[in-house]
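J.: Okay, sequence plus prediction incoming.
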Amino acid sequence: MRNSLKRFGLGITLCFSMISYAQQEVIYLDGFAQGTSYHISYYDLKDRFLKREIDSILHDFDLSVSTYNPKSIISRVNANEKKVKLDRYFITCFNKAKEIWKNTDGAFDPTVYPLVNAWGFGPGKKEKIEPKKIDSILQFVGFNLIELKGNKIKKKDPRVALDFNAFAQGFSVDVIAEYLNSLGIESYIVEIGGEVFAKGKQANQEPWKIGIEEPIDNKTESNPLFATIKLDQLAIATSGNYRKFTLENGVKYAHHIDPKTGYPTKNNLLSASIISKACIDSDANATGILVMGLEKAKAFLNKHTELQAYLIYSDEKGNYQTYETTGLEMLLLKE
């Protein structure tokens with residue numbers, strides 16, 4: 001038996017055992033999509049190597065909801081093109097975003113895209129940040145300003161623009177998991193950009209294990225593990241303020257923008273790891289919770305018991321503290 005750790009993008013580490021059995025040898029795929037990497041491990045009695053098929057699915061996904069592709073559906077919607085044919089990826093993202101926008105009282109809002117660009121966290125050129133500039137952008141930020149009617153997008157202001165990047169990677173994980181399910185594959189783990197869904201067990205009957213990293217400011221390297229979670233037919237996504245940030249005049253600005261103020265969030269929440277049955281839910285809610293801050297997040301999680309959470313925050317002395325939902329105990333592996 002050989003234990004292995006795979007390090008990923010945002011606060012997630014996949015821990016698994018590389019074991020070869022005559023009938024069950026793990027098939028491992030990796031590649032790039034959505035400007036990030038993916039890693040997929042699965043067991044298949046038919047021994048199918050599915051990289052080409054999965055790359056094709058992820059390519060089509062990018063053509064739908066990637067703001068970094070000027071020809072994608074979302075980019076064309078943002079550019080107010082007249083005849084844009086929406087696909088199931090875009091429509092699913094829009095409807096889920098509207099649902100979570102309502103649930104989080106606007107803490108999660110994909111119309112922050114112009115603000116994301118202004119702060120230098122998107123494909124657009126960073127702008128000079130001034131209060132007047134932020135106030136002017138806030139006039140066309142708000143999910144109440146855009147609707148999906150039939151198969152058409154209707155905007156109350158043409159400057160409204162969408163950004164699904166806060167949860168698109170999570171949804172792409174679900175899309176690949178759905179594909180594997182359709183092939184009858186019963187045991188797998190899918191990770192794209194740090195967002196994960198796992199089903200079944202490894203060949204040695206060990207659960208799929210995911211490590212949550214310590215929230216140390218670090219743009220490029222992996223951090224030490226802070227906790228380990230086991231998953232089976234569950235998804236996990238982590239949102240943190242320690243991987244994507246910028247420094248201006250010695251001040252740190254995280255990439256999570258508060259849609260109500262127009263500024264990056266400032267609270268003592270360092271990372272939010274959310275476990276649910278679908279990665280799109282985990283990913284979107286992790287973003288919303290990080291914007292809320294600790295106390296609002298606790299109240300939100302008490303109401304939404306379909307979500308499990310592992311929150312890391314700093315106390316008044318700057319020490320790490322954690323908040324765990326009651327159902328997390330069954331998933332948390334004690335070292």
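T.: Okay, I see it.

J.: Could you give the average pLDDT over stretch 105-114?
T.: Taken as a whole, stretch 105-114 has an average pLDDT of 92.

J.: and what of stretch 259-271?
T.: In this model, stretch 259-271 has an average pLDDT of 86.

J.: secondary structure element for the closest residue to R159 other than its chain neighbours?
T.: Ranked by CB to CB, 6 or more residues apart in numbering and with sequence neighbours excluded, the top spatial neighbour of R159 is F140, at 4.1 Å. All C-beta spots, glycine's among them, are computed from the backbone N, C-alpha and C. When elements are defined using DSSP states H and E, F140 is found to belong to no helix and no strand.

J.: can I assume F140 is in contact with D157?
T.: Yes. Look at F140 against D157 with CB atoms under 8 Å: they come within range, at 4.4 Å.

J.: quick one: average pLDDT of the one helix or strand A237 maps to?
T.: In this structure, A237 is located in strand 234-240 according to DSSP H and E. Per-residue confidence for strand 234-240 averages out to 93 on the pLDDT scale.

J.: That strand packs against which elements?
T.: Applying 3 or more CB pairs under 8 Å, 6 or more residues apart in numbering; DSSP states H and E, one finds that strand 234-240 makes contact with helix 168-182, strand 195-199, strand 208-213, strand 269-276, helix 279-292.

J.: what's it in contact with?
T.: 10-12, 167, 170, 173-174, 194-198, 210, 212-213, 215, 229, 256, 270-279, 281-283, 286-287, 289-290, 331 (CB atoms under 8 Å, 6 or more residues apart in numbering).

J.: picking up where we left off before, so between F140 and D157, which is more surrounded?
T.: F140 (17 against 13; other CB atoms under 10 Å).

J.: Against R52, how distant is the more buried one?
T.: To R52, F140 is 41 Å away according to CB to CB, to the nearest Å.

J.: now I189
T.: Computed as CB to CB, the I189 to R52 distance reads 20 Å.

J.: just H304 next, same as before
T.: 39 Å.

J.: ranges for the helices of the stretch 51-200 of the chain?
T.: In order along the chain, the stretch 51-200 of the chain carries the following helices (DSSP state H, counting those that start in this stretch): 51-65, 73-78, 88-103, 113-118, 131-138, 168-182.

J.: Any chance of JSON lines for those helices, columns mean neighbour count and distance to K317?
T.: Conversion of the helices of the stretch 51-200 of the chain to JSON lines gives the following (neighbours: other CB atoms under 10 Å; distance: least, CB to CB, whole Å):
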{"stretch": "helix 51-65", "mean neighbour count": "16", "distance to K317": "42"}
{"stretch": "helix 73-78", "mean neighbour count": "22", "distance to K317": "43"}
{"stretch": "helix 88-103", "mean neighbour count": "18", "distance to K317": "33"}
{"stretch": "helix 113-118", "mean neighbour count": "23", "distance to K317": "32"}
{"stretch": "helix 131-138", "mean neighbour count": "13", "distance to K317": "32"}
{"stretch": "helix 168-182", "mean neighbour count": "22", "distance to K317": "34"}
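
J.: Which one of those has the poorest average confidence?
T.: Among these, helix 113-118 has the lowest mean pLDDT, at a mean of 86.

J.: give the contact list for the residue most central in space within the chain.
T.: Of all residues in the chain, the one closest to the mean position by CA atoms, centre = their mean is D283, 3.6 Å from it. D283 sits next to 166-167, 169-171, 195, 237, 239, 274 when contact means CB under 8 Å, 6+ apart.

J.: any idea how far the closest residue to A235 other than its chain neighbours is from L234?
T.: Taking CB to CB, 6+ apart, and ignoring the residues beside it in sequence, A235 has C279 as its nearest neighbour in space, at 3.7 Å. Note on C279: its distance to L234, by CB to CB, is 9 Å.

J.: any residues in contact with both of those two?
T.: Both C279 and L234 are in contact with F197, where contact means CB under 8 Å, 6+ apart.

J.: of these two, who's got more company?
T.: More crowded of C279 and L234, by other CB under 10 Å: C279, with 30 against 21.

J.: show me the contacts for that one.
T.: With contact taken as CB under 8 Å, 6+ apart, C279 is in contact with 170-171, 173-174, 177, 195-197, 235-237.

J.: give me that answer again for 10 Å
T.: Taking CB atoms under 10 Å, 6 or more residues apart in numbering as the contact definition, C279 lies against 167, 169-177, 190-192, 195-197, 234-237.

J.: next one: L63
T.: For L63, the contacting residues are 69, 71-75, 87, 89, by CB under 10 Å, 6+ apart.
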